[in-house]
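A.B. asks: Show me how the following folds:
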Amino acid sequence: MSKAKSLMIQGTMSNAGKSILAGGLCRIFMQDGRKTTPFKSQNMALNSYITKEGLEMGRAQVMQAEAAGIEPSALMNPILLKPTNDTGSQVIVNGEVHGTMSAVEYYKNKKKFVPVILDAYRRLEEEFDMIVLEGAGSPAEINLKENDIVNMGMAKMAKAPVLLVGDIDRGGVFAQLLGTVALLEPEEQTYVKGLIINKFRGDASILQPGIDMIEKRIGISVTGVVPYLYLDLDDEDSLTERFQKKTQVGAVDIVVIRLPRISNYTDFNVFECLEEVSVRYISTPVQLGNPDIIFIPGSKNTIEDLLWMRQNGLEAKIMQHAAEGKIVFGVCGGYQMLGEKICDPDGMEHQGTIRGMGLLPITTIFKNSKRRTRVHGSFGTIKGKLSKLTGKTLEGYEMHMGETTLQSQAAFLTNIYNTIADEAQLVDGAQNENVYGSYVHGLFDAEEVAKTIVASVLEEKGMDCSKLHAFDFQAYKEKQYDALAKAVRMALDMEQIYKIVDAGM
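C.D. replies: Coordinates of the predicted model:
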């Protein structure tokens, strides 16, 4: 069996657009009849996902897999780093927790993960015709080049030709491209087969003098100028532009607390697709305003992020919001924060015990085990303003370290089944008047759930919700992937890119 063809997307810097372009190429190659998979040897992200096998991977590769029309697999992202603080990360290997390492410790040991990376890559080679690899940051970071396993080091291991992407939106794109190539070793330079100018606004013809110059200076052709794309796609969590959006307050105003270690904010993307709704990410009390719903998202360090809210005044604002009878909804770490107390006896995140917000009658204890599973089920008997969620179907995934106990008088939120272990019915979450919490990520993606929440708020305000329809989030994402592929195909010289792919290294 001949091995899969490969193509690697590297960038001149973080947020140059590697993930989105890789997703677009995955869609194009799939449309053109090549069985395609994404691959990123090492990803640093707090937005993660649980596969159907119960393994954890970065959401950027999930987006790319969906674009390629295939089931996400942890093989596509064998090493996932989830920062727990400014100097350390939880290390996920082949979808399972390997341990927590400081940045220095991981840097010293990362070559030990090469066999894991190569095994994952070889297994994908056996199954697919085409592999679209993605690098991380820049291949020219001098302090990181030694023992590199994600940029040129990975390109060499895979024998993958490279397209180098520069971000013109932040300026200096020709210096980015020229400087990056110049800082590569001569052997590494031979891997760069094409240049891409990304995020351009305006008439691309005005770039021609610069394109002519850069091609002459470094002897590598520009394979395309990609316009700034206004699409709704999952991106790298640390650099997402969602947090900077200036959003006009809608008929239903939703606030998501932008925690310092926010994870899986994609839980709320579906609400951004509803015309009646504004979704604002805020990090200070003055930004809060008077929202209809406050969502507290997941966190990679629940206790630290709760203390952060306590110190900057957001916790007091959330408690006031709840006291006024308005909706507060916590997901995963946000759910834990709403409880009576959080205990971390073994220092999994922050050793010790602290009081929670006291808005839900639950207690959470962190243990040295991580629950990773996909679930499906339905909402139980829901009280308060979201009572119309009662019985609505749901599916999603759980991914958390803590074990949460409901007090005897607490009402649970959902009935769920463990899709992977085929467990008997379980209960999840808790509710208390208009405060709700759940461990299930993706809870709002089911067709009727987001609509029901928004309709409940509109009805309470006496506003017409007759034109509000259930939203098919999966169909919406498919349209976004098709739009991405169309834009990328028009912008890039695909004939030249196929020649690069077929020639290989």
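A.B. asks: Domain map for this structure?
C.D. replies: As assigned by automatic domain parsing, the chain contains the domains 5-233+479-503, 252-462.
A.B. asks: Could you say which one of these comes nearest to residue 472?
C.D. replies: Nearest to residue 472 among these is domain 252-462 (5.6 Å), distances taken as CB to CB. (C-beta placed from N, C-alpha, C; glycine too.)
A.B. asks: Could you give the separation between the terminal residues of that closest one?
C.D. replies: One end of domain 252-462 sits 12 Å from the other (CA to CA, to the nearest Å).
A.B. asks: Just the mean pLDDT for that domain, thanks.
C.D. replies: The average pLDDT within domain 252-462 is 90.
A.B. asks: ok now that domain, how far from the chain's centre?
C.D. replies: 18 Å (CA atoms, centre = their mean, to the nearest Å).
A.B. asks: after the helix or strand containing residue 309, next one along is what?
C.D. replies: Using DSSP states H and E, residue 309 sits within helix 302-312. Using DSSP H and E, the helix or strand that follows helix 302-312 towards the C-terminus is helix 314-323.
A.B. asks: tilt between that next one and helix 302-312?
C.D. replies: Counting by axes from the mean of the first three to the mean of the last three CA atoms, to 10 degrees, helix 314-323 lies at 90 degrees to helix 302-312.
A.B. asks: Paired strands for the next helix or strand after helix 314-323, with orientation please.
C.D. replies: Downstream of helix 314-323, the first helix or strand assigned by DSSP H and E is strand 327-331. Strand 327-331 pairs in its sheet with strand 293-296 (parallel), strand 435-438 (parallel), by DSSP bridges.
A.B. asks: which residue packs closest to residue 332, ignoring adjacent ones?
C.D. replies: Using CB to CB, 6 or more residues apart in numbering and skipping residues adjacent in sequence, the residue nearest residue 332 is residue 298, 3.7 Å away.
A.B. asks: got the contact list for the one you found?
C.D. replies: Going by CB atoms under 8 Å, 6 or more residues apart in numbering, residue 298 touches 46, 262-264, 267, 331-334, 400, 441.
A.B. asks: now the domains of the chain as a markdown table including distance to residue 473?
C.D. replies: Below are those laid out as a markdown table (distance: least, CB to CB, whole Å):
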| stretch | distance to residue 473 |
| --- | --- |
| domain 5-233+479-503 | 10 |
| domain 252-462 | 5 |
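A.B. asks: what's the closest of the ones you listed to residue 471?
C.D. replies: With CB to CB as the yardstick, what comes closest out of the domains of the chain is domain 252-462 (5.9 Å).
A.B. asks: Against residue 178, how distant is the residue of the chain most remote from its centre?
C.D. replies: Centroid-distance maximum for the chain: residue 216 at 38.3 Å, with CA atoms, centre = their mean. From residue 216 across to residue 178, the span is 11 Å (CB to CB, to the nearest Å).
A.B. asks: burial measure for residue 8, as a count.
C.D. replies: If you count neighbours by other CB atoms under 10 Å, residue 8 ends up with 29.
A.B. asks: helix or strand right after the longest strand seen in the chain?
C.D. replies: When the chain is parsed with DSSP state E, its longest strand is strand 362-379. Downstream of strand 362-379, the first helix or strand assigned by DSSP H and E is strand 393-406.
A.B. asks: What are the buried residues along that following strand?
C.D. replies: Using 16 or more other CB atoms under 10 Å as the burial criterion, the residues of strand 393-406 that qualify are 394-402, 404, 406.
A.B. asks: and it, what does it pack onto?
C.D. replies: Here strand 393-406 touches strand 48-50, helix 333-337, strand 362-379, going by 3 or more CB pairs under 8 Å, 6 or more residues apart in numbering; DSSP states H and E.
A.B. asks: name the helices or strands packed onto the next helix or strand after the second one?
C.D. replies: Toward the C-terminus, helix 333-337 is succeeded by strand 341-344 as the next helix or strand (DSSP H and E). Contacts defined by 3+ CB pairs under 8 Å, 6+ apart place strand 341-344 against helix 302-312, strand 352-355, strand 362-379.
A.B. asks: In CSV: the ones you listed, plus distance to residue 119 and mean neighbour count.
C.D. replies: Output for the helices and strands packed on strand 341-344, formatted as CSV (distance: least, CB to CB, whole Å; neighbours: other CB atoms under 10 Å):
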stretch, distance to residue 119, mean neighbour count
helix 302-312, 33, 19
strand 352-355, 39, 12
strand 362-379, 21, 19
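A.B. asks: partners of the helix or strand hosting residue 8, with directions?
C.D. replies: Assigned by DSSP H and E, residue 8 falls within strand 5-11. If you go by DSSP bridges, strand 5-11 pairs up with strand 130-134 (parallel), strand 162-167 (parallel).
A.B. asks: can you list contacts of the helix or strand following it?
C.D. replies: Per DSSP H and E, the first helix or strand lying C-terminal to strand 5-11 is helix 18-31. Residues outside helix 18-31 that contact it (CB under 8 Å, 6+ apart) are 7, 9-11, 36-38, 60, 63-65, 67-69, 130, 132-135, 165, 196, 198, 226, 229, 231, 233, 235-236, 481-482, 484-485, 487-489, 494, 497.
A.B. asks: Surely residue 165 and residue 196 touch.
C.D. replies: Yes - the pair residue 165 and residue 196 passes the contact test of CB atoms under 8 Å, sitting 4.6 Å apart.
A.B. asks: which of the contacts of residue 298 lies closest to residue 187?
C.D. replies: Nearest to residue 187 among these, counting by CB to CB, is residue 46 at 34.6 Å.
A.B. asks: does the closest residue to that closest one other than its chain neighbours have beta-bridge partners, and which?
C.D. replies: In this structure, residue 46 finds its nearest non-sequential neighbour in residue 263, 3.7 Å apart by CB to CB, 6+ apart. Judged by DSSP bridges, the bridge partners of residue 263 are residue 298.
A.B. asks: Just give me the neighbour total for residue 263.
C.D. replies: Counted with other CB under 10 Å, residue 263 comes out at 27.
A.B. asks: How about residue 104?
C.D. replies: The local packing of residue 104 (other CB under 10 Å) involves 10 other residues.
A.B. asks: Then it would be within a helix, right?
C.D. replies: Yes - counting by DSSP: H, G, I helix; E, B strand; the rest coil, residue 104 is located in a helix.
A.B. asks: Tell me the spacing between it and residue 89.
C.D. replies: With CB to CB as the criterion, residue 104 and residue 89 are 12 Å apart.
A.B. asks: same thing with residue 281?
C.D. replies: From residue 281 to residue 89 the distance is 23 Å (CB to CB).
A.B. asks: And residue 115, by the same measure?
C.D. replies: Note on residue 115: its distance to residue 89, by CB to CB, is 20 Å.
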